[in-house]
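> model the following, please.
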Amino acid sequence: MAEPMTRTFVSTMIAGVLLLAAASSEAAPPRRQVLLLQSFDRGNLTLDSFTANFRVDLDRLTGSAVNIVQVVVRPAGFAPAPESAIVDYIRSAFADGTKPDLIVSVAGPAAAFVRTHRQRLFPQTPLLLAAVDQRNLRGAPLGRNETAVTIDNDFPRLVDDILQLLPGTRQLFMVLGSGQTGRFWHQELERELARFRDRLTFVWSEDLSLPDILRRCANLPPDAAILYLTFGIDAQGGAYADERVFAELHAAANVPLFAGMSPMLGRGIVGGPLMSIEDLSRKTAGVAGQLLKGASPRSVRPAPQTPGDRIFDARELEKWSIADSRLPPNSVVMFRPPTLWQEHRGLILLAAGALAIQSVLIAGLFYERRGRRRAETASRRSLSLAADVSRRTTMSALSSSITHELGQPLTSITSNAHALQLMVTANRETSDKMREILSDIRRQGARAAEIIHRHRAMLRSRPLDRQPIELHTVIDESLALLAHDLRAQQVEATVHPPSRVCVIDGDQVLLQQVFVNLVMNAMDAMAETPSARRRVTIASEASATQVVISVRDSGSGLPAHMIDNLFTPFATTKPHGLGIGLTIARTIVDAHGGTLDAHNNPDGGATFTVTLRCVDTPRVFAARRLTG
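You can find the predicted model right below:
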């Protein structure tokens, strides 16, 4: 009982699988069959490119893979087989009772073959003659079940362009294969190029072997050019691929090489009006797709395809020194080396941006530097004006000392002159006495002149003028200006010079102003100090690089609330002070690259400290001796 049931179950499963297979086979659309008849076997650049592109374009347009059966009807390099044998071979490919949905022939020989044997090669199947020159259909109009995608090779236009690029051309070497194809194109082109006979000599190669062709191309006259048409086999029956022929021609040729098909661009030809095989294969695939969808061949008759844009190889133009100015209008130049901008656009933009930013920064720095220089100039001008005002104020305060200082030598001069006059009147003068009186007058006059010179220097308005000066000369001159006031206010001034000569690079008058101001402030600070304790001590400590000068008084010291604002403009402890003396003093010291500070002494009074840079003393004094 179990065995019959098992047998029944298996039978049911097999039947189900067969039904599913039948259903799936009915659901899947049948694969289209295309018989592709190729004129030549592989090696023809133009037809190989066309066939490869046609297969891809047809699959893309139909939306599914198309089964293409390709047969070469005229193999190169072999004894021609009887065409009936090739027909039998093609029919044997469809011996299972199927037949192609479309027949496509490629180029002239295949078109002639299929039309000759049309009755035996599926006469009911639509026939598409592809990549066939219109010359091959002359005298043989298309039948009811036939259509064609033809090409119109405009060789006269190509020759016109050669003459435009190379106006001195007098000979054109025509490279084409031997056999029936070579003879056909020789006859056709002799007729089409007849209008150039008065200008050009045409030399044909169908009777030459490939080595002979290469030798001829290597020794052509300079007014010649080469026009490549097709090849296949040479006069000795040798079969050669276009790629090899092109490579050897380009290596051997001593004149420019031209051709009319787009696959040959980039392999050594200069260029010209090229037949676009890509466009041709795309157009052919479009017609084939319509026929496979059921369109009548008679209803699909596209216009012949003509040469497209003039396209040139930049490398060949440069090799043969053909200027771009000779190119026809609207020409396209390929393989031109990229410019620096094209190759490194991003880097150039980045560098340009960096340079722009850098330029802006530099301009900003220049602007800032200019503004700083203006500010420094204005600051120095303000310093000069403020220092001048401060000096004049100081000298105004010292007017009584000026009068007293000048009064002494002038009184002495007057007394000596009066005494000399009395002696002369009384006739009691002696030569020694007169010499003594005149010497005293001369000495007192020099002293008065020195006093006037010192005060005039302090009153003169002048910019900062740095010169190498000995520091204690400045201090001595400053104390000489204040000598009368020091005596009048019973202030003892003590100077402790450094152990070594100290030369600084500075303005003597401005530095005198600093020390005059500091000593006058010290005297003012000791106004309430008993006269016995009124002392100003000026001490200097010098090293190889700097000198520190301290001005110490024994007065009441600096008020606590003024220490932090001591050098602020208009800050003063004096009832009638302007509050700019110390500000000017610090500004002058800053302009000399030094510092000015102040502090109270533990035992009373205050100390102001000036720090200045020293210069190379031997070098400075040697320079003084050379220029003095």
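
> tell me the contacts of the residue nearest to N44 when sequence neighbours are not counted?
Using Cβ to Cβ, 6 or more residues apart in numbering and skipping the chain neighbours, the partner closest in space to N44 is D242 (5.8 Å). Backbone N, C-alpha and C define where each C-beta goes, glycine included. When contacts are counted by Cβ atoms under 8 Å, 6 or more residues apart in numbering, D242 touches 43-46, 230-231, 264.

> how near is D242 to A93?
Distance check for D242 against A93: by Cβ to Cβ, to the nearest Å, it reads 28 Å.

> also V175?
Relative to A93, V175 is positioned 36 Å away (Cβ to Cβ).

> which pLDDT value goes with the residue in the chain sticking out farthest from the centre?
The centre of the chain is farthest from one residue, A426, which by Cα atoms, centre = their mean lies 102.4 Å away. A426 is assigned a predicted lDDT (pLDDT) of 70.

> then R135?
For R135, the pLDDT comes out at 84.

> assign it to helix, strand or coil.
Classification of R135 by DSSP: H, G, I helix; E, B strand; the rest coil places it in helix.

> got a pLDDT number for the closest residue to it other than its chain neighbours?
For R135, ignoring the flanking residues on the chain, the nearest one in space by Cβ to Cβ, 6+ apart is E188 at 5.7 Å. In the predicted model, E188 carries a pLDDT score of 88.

> in terms of helices and strands, where is E188?
For E188, the enclosing helix or strand under DSSP states H and E is helix 179-192.

> counting by contacts, list what that helix packs against.
For helix 179-192, the elements it packs on are helix 107-116, helix 155-165, strand 201-204, strand 232-233, judged by 3 or more Cβ pairs under 8 Å, 6 or more residues apart in numbering; DSSP states H and E.

> what about 10 Å?
For helix 179-192, the contact count by 3 or more Cβ pairs under 10 Å, 6 or more residues apart in numbering; DSSP states H and E identifies helix 107-116, strand 127-133, helix 155-165, strand 171-175, strand 201-204, strand 232-233 as packing neighbours.

> which stretch among these comes nearest I549?
Shortest distance between I549 and those, using Cβ to Cβ, is found for helix 155-165: 91.7 Å.

> rewinding a little: which of the helices and strands packed on helix 179-192 is buried the deepest?
Between these, strand 127-133 has the highest mean count of neighbours, a mean of 25, where neighbours are mean count of other Cβ atoms under 10 Å.

> parallel or antiparallel, list what pairs with that strand.
Strand partners for strand 127-133, identified by DSSP bridges, are recorded as strand 102-106 (parallel), strand 146-151 (parallel).

> run the angle between the longest one and helix 107-116 for me.
Between the axes of strand 146-151 and helix 107-116, defined by axes from the mean of the first three to the mean of the last three Cα atoms, to 10 degrees, the angle is 170 degrees.

> can you show me the CA trace of strand 146-151 as CSV?
Written as CSV, here are the backbone C-alpha positions of strand 146-151 (Å, rounded to 0.1, in the frame of the first residue of the first chain):
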residue,chain,number,x,y,z
GLU,A,146,16.1,45.6,-47.0
THR,A,147,17.4,48.8,-45.5
ALA,A,148,20.9,50.4,-45.1
VAL,A,149,22.9,52.7,-42.8
THR,A,150,25.3,54.1,-45.5
ILE,A,151,28.3,56.3,-45.3
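
> what about that strand, distance to the chain center?
55 Å (Cα atoms, centre = their mean, to the nearest Å).

> same question for stretch 581-601.
For stretch 581-601, the distance between its averaged C-alpha position and the chain's averaged C-alpha position is 52 Å (Cα atoms, centre = their mean).

> can you get me a residue count around F122?
20 (other Cβ atoms under 10 Å).

> for it, give me the pLDDT.
Value for F122, per-residue pLDDT: 92.

> that one contacts A93, correct?
No - F122 sits out of contact with A93 when judged by Cβ atoms under 10 Å, with a separation of 11.2 Å.

> mutual contacts of those two, please.
Residues touching both F122 and A93 (Cβ atoms under 10 Å, 6 or more residues apart in numbering) are 35, 100.

> tell me the domain ranges of this protein?
Residue ranges of the domains in the chain are recorded as 27-152+276-304, 155-274+307-337, 403-460, 465-628, according to automatic domain parsing.

> can I get the ones you listed in CSV including distance to G353?
Below are the domains of the chain laid out as CSV (distance: least, Cβ to Cβ, whole Å):
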stretch, distance to G353
domain 27-152+276-304, 41
domain 155-274+307-337, 26
domain 403-460, 56
domain 465-628, 41
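
> can you give me the helices for the stretch 501-628 of the chain?
Along the stretch 501-628 of the chain, the stretches classed as helices by DSSP state H, counting those that start in this stretch are 508-525, 581-591, 617-627.

> if we can go back for a sec, what about the contacts of D242, which are in helices?
Secondary structure of the contacts of D242 is defined by DSSP state H; positions in helices are 45-46.

> may I ask which of the contacts of D242 has the most neighbours?
Neighbours here mean other Cβ under 10 Å. Within the contacts of D242, the largest count is held by F231, at 29 neighbours.

> let me know the pLDDT of the nearest residue to that residue once chain neighbours are set aside.
The shortest distance from F231 to any residue other than its chain neighbours is 4.3 Å, reached at G177 (Cβ to Cβ, 6+ apart). Predicted confidence (pLDDT) at G177: the value is 85.

> now for G177: which residues touch it?
G177 is in contact with 40, 44, 76, 183, 185, 205-206, 210, 229-235, 239-240, 242, 245, counting by Cβ under 10 Å, 6+ apart.

> would a markdown table of the helices and strands packed on helix 179-192 with distance to Q512 be doable?
Converted to a markdown table, the helices and strands packed on helix 179-192 look like this (distance: least, Cβ to Cβ, whole Å):
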| stretch | distance to Q512 |
| --- | --- |
| helix 107-116 | 111 |
| strand 127-133 | 108 |
| helix 155-165 | 91 |
| strand 171-175 | 103 |
| strand 201-204 | 107 |
| strand 232-233 | 111 |
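
> between the ones you listed, which gets nearest to L340?
With Cβ to Cβ as the criterion, L340 lies closest to helix 155-165 of the helices and strands packed on helix 179-192, at 27.9 Å.

> got the angle for the closest one vs helix 179-192?
Taking the same axes, to 10 degrees, helix 155-165 and helix 179-192 form an angle of 70 degrees between their directions.

> avg pLDDT for helix 155-165?
Mean predicted lDDT for helix 155-165 stands at 94.

> stretch 555-565 too?
In this model, stretch 555-565 has an average pLDDT of 77.

> one more: stretch 243-263?
If you average the pLDDT over stretch 243-263, you get 92.

> same question for stretch 436-446.
Across stretch 436-446, pLDDT averages out at 71.

> which element is G371 on?
Going by DSSP H and E, G371 is part of helix 345-397.

> burial count for N521?
Around N521 sit 23 other residues, with neighbours defined as other Cβ under 10 Å.

> repeat for S296
Other residues lying near S296 total 12 when counted by other Cβ under 10 Å.

> so it makes contact with P126?
Yes - using Cβ under 10 Å, S296 is in contact with P126, at 8.1 Å.

> find the residues that touch each one of the two.
Contact criterion Cβ under 10 Å, 6+ apart; residues shared by S296 and P126: 145, 147, 290.

> which one (most neighbours) among the residues you listed?
Each of the shared contacts of S296 and P126 was scored for neighbours by other Cβ under 10 Å, and T147 scores highest at 24 neighbours.

> which one is that residue nearest to, not counting chain neighbours?
Once flanking residues are discounted, T147 sits nearest to P297: 4.0 Å by Cβ to Cβ, 6+ apart.

> state the phi and psi torsions of the one you found.
Per-residue torsions, P297: phi -60, psi -30 (degrees, to the nearest 10).
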